[in-house]
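Q: Give the three-dimensional model of this entry:
(one chain, ligands or ions: 1)
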Amino acid sequence: MALMAGLRVPARALLRSGCWLRGAALAGAEAAAGLGAGVRRFGSQRVLVEPDPAAGVAVVKLKSPPVNSLSLELLTELVISLEKLDNDKTFRGIVLTSDLCGVFSAGLDLTELCGRSPAHYAEYWRALQELWLRLYLSGLVSVAAVNGASPAGGCLLCLSCDYRVLADSPSCVIGPNETRLGIVAPFWFKDCMVNTVGHRAAEQALQLGTLFPPAEALRVGLVDQVVPEDQVQSTALAAMARWLAIPDHARQLTKSMMRKPTADRLAKHREADVQSFVSFVSRDSIQKALQTYLEKLKQKG
Ligand SMILES: CCCCCCCCCC/C=C/CC(=O)SCCNC(=O)CCNC(=O)[C@H](O)C(C)(C)COP(=O)(O)OP(=O)(O)OC[C@H]1O[C@@H](n2cnc3c(N)ncnc32)[C@H](O)[C@@H]1OP(=O)(O)O
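A: Got it, this is the predicted structure:
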């Protein structure tokens, strides 16, 4: 651990912030990338939005160190950014990626699921549902530029996008590892898996809690392309161009036709789903399993 301004900052987080230094260099590269003078980045503390109005595309970067775990704050900020982009006619597509090195998102923030009150669990789950419904049904083209590990809830974020590009690095594993923690993916995560990789592959991956390395993720259809790490964002933008060549109204109606039945299963039973989650996560056995897993993670660090 390093001490910074009275805060305990994990050394790994400081290392990762090397990626943010690249952000400074990026400012210079923005013009080359189409972000000309007068085009401002916006967003919030944990979600950075880099707009390219000329292209109609915004790059949305998760920047919640150390691992972009989906805290209540990150969920809320992401929903707000997506809502803003969805309602702004300038934008037709988003690329969702991570501003951190080596991690796309560690999935649900386990500290939100341990030792909290039932009211907190309910608030947290509602925020997760909200994010999933918004991203899954967004009229924008969504391309995930997966530049790091993406377990469990991180995988769900990727599956909610229209297209996925994964970095070809052994650390860039992706998949539904919930059962390995002794917990169960919600039915809407299961539905997303089935819709993406088919029933048999989803059943195996969900039961075994498989984290797929890049080549396997591509083979099973969990991601659409695997490319060298430094080409993830450019490949995502090239894919975006192909999707944007299709008229919005036709693509959006088709997306809705494909996805609405899945989303409706949750939308119609949101409160029951919240109550299932609260009673599941409040069980002593689940609390113990989560605590043990979190402690192991911390010891590993
Ligand atoms: C029958 C009815 C059913 C009803 C429905 C029930 C539904 C139940 C919920 C089911 C849904 C669950 C979805 C999830 O997303 S669960 C979360 C799963 N996530 C993981 O398993 C990832 C764990 N993390 C890692 O594997 C690694 O951290 C990493 C992402 C590969 C990165 O590795 P790296 O070596 O770079 O970093 P460290 O491991 O050293 O971690 C750095 C610090 O970050 C802390 N950390 C990591 N992950 C999380 C997390 N998910 N939440 C909170 N904190 C996390 C880690 O402890 C380190 O902390 P430290 O610096 O304090 O030591």
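Q: looking at it, Pro66 is touching Leu100, isn't it?
A: Yes - shown here, Pro66 and Leu100 form a contact pair, counting by Cβ atoms under 8 Å, at 7.5 Å. Heads up, the C-betas are built off the backbone N, CA and C, glycines and all.
Q: out of the two, which sits in the more crowded spot?
A: Leu100 (27 against 18; other Cβ atoms under 10 Å).
Q: Check what pLDDT the more buried one gets.
A: Here, the pLDDT recorded for Leu100 equals 98.
Q: Repeat that for Leu21.
A: For Leu21, the predicted pLDDT is 40.
Q: got the residues of this structure near the ligand?
A: 10, 12, 66-67, 69, 102-103, 106-111, 149, 151-153, 177-178, 181, 183-186, 276-277, 280-281, 297-298, 300-301 (Cβ under 6 Å from any ligand atom).
Q: Just to be sure, which of those are found in helices?
A: 12, 153, 178, 181, 276-277, 280-281, 297-298, 300 (DSSP state H).
Q: now the helices for the protein?
A: Using DSSP H, helices in the chain cover 11-32, 72-86, 118-136, 153-159, 178-181, 187-197, 199-208, 214-220, 232-244, 248-267, 270-282, 284-300.
Q: tally of neighbours for the residue in the chain that the ligand sits nearest to?
A: The minimum distance from the chain to the ligand, using Cβ to the nearest ligand atom, falls at Gly107 (2.6 Å). Gly107 has 23 neighbouring residues, counting by other Cβ under 10 Å.
Q: mind saving the C-alpha coords of stretch 167-175 as PDB?
A: Extracted in PDB, the C-alpha atoms of stretch 167-175 (Å, rounded to 0.1, in the frame of the first residue of the first chain):
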ATOM      1  CA  ALA A 167      -7.900  -8.000 -26.000                       C
ATOM      2  CA  ASP A 168      -5.700 -11.000 -26.700                       C
ATOM      3  CA  SER A 169      -3.900 -11.300 -23.400                       C
ATOM      4  CA  PRO A 170      -4.000 -14.200 -20.900                       C
ATOM      5  CA  SER A 171      -5.200 -11.900 -18.100                       C
ATOM      6  CA  CYS A 172      -8.200 -10.900 -20.200                       C
ATOM      7  CA  VAL A 173     -10.600 -13.600 -19.000                       C
ATOM      8  CA  ILE A 174     -14.300 -13.200 -19.400                       C
ATOM      9  CA  GLY A 175     -17.200 -15.300 -18.200                       C
END
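Q: what sits up against it?
A: 102, 104, 146-151, 154-155, 158, 166, 205, 209-215, 217, 222-223, 226-229, 232 (Cβ atoms under 8 Å, 6 or more residues apart in numbering).
Q: out of the ones in helices among the residues of the chain next to the ligand, which is most surrounded?
A: Ranking those using other Cβ under 10 Å puts Gly153 first, with 23 neighbours.
Q: how about the closest residue to it other than its chain neighbours, what does it touch?
A: Distances taken as Cβ to Cβ, 6 or more residues apart in numbering place Gly107 nearest to Gly153, at 3.4 Å, with adjacent residues excluded. Gly107 makes contact with 69-70, 150-156 under the criterion Cβ under 8 Å, 6+ apart.
Q: since we're on the residue found closest to Glu50 once you drop the neighbours it is linked to in the chain, how many residues are nearby?
A: Setting aside the residues directly before and after it, Glu50 is nearest to Val59 in space (Cβ to Cβ, 6+ apart), at 4.3 Å. Per other Cβ under 10 Å, the neighbour tally for Val59 reads 24.
Q: which residues does Val59 bridge with?
A: Glu50, Val95 (DSSP bridges).
Q: Tell me the spatial nearest neighbour of Leu237, not counting adjacent residues.
A: Val95 (6.4 Å).
Q: Also Phe187?
A: Phe187 sits nearest to Arg265 (Cβ to Cβ, 6+ apart), 7.1 Å away.
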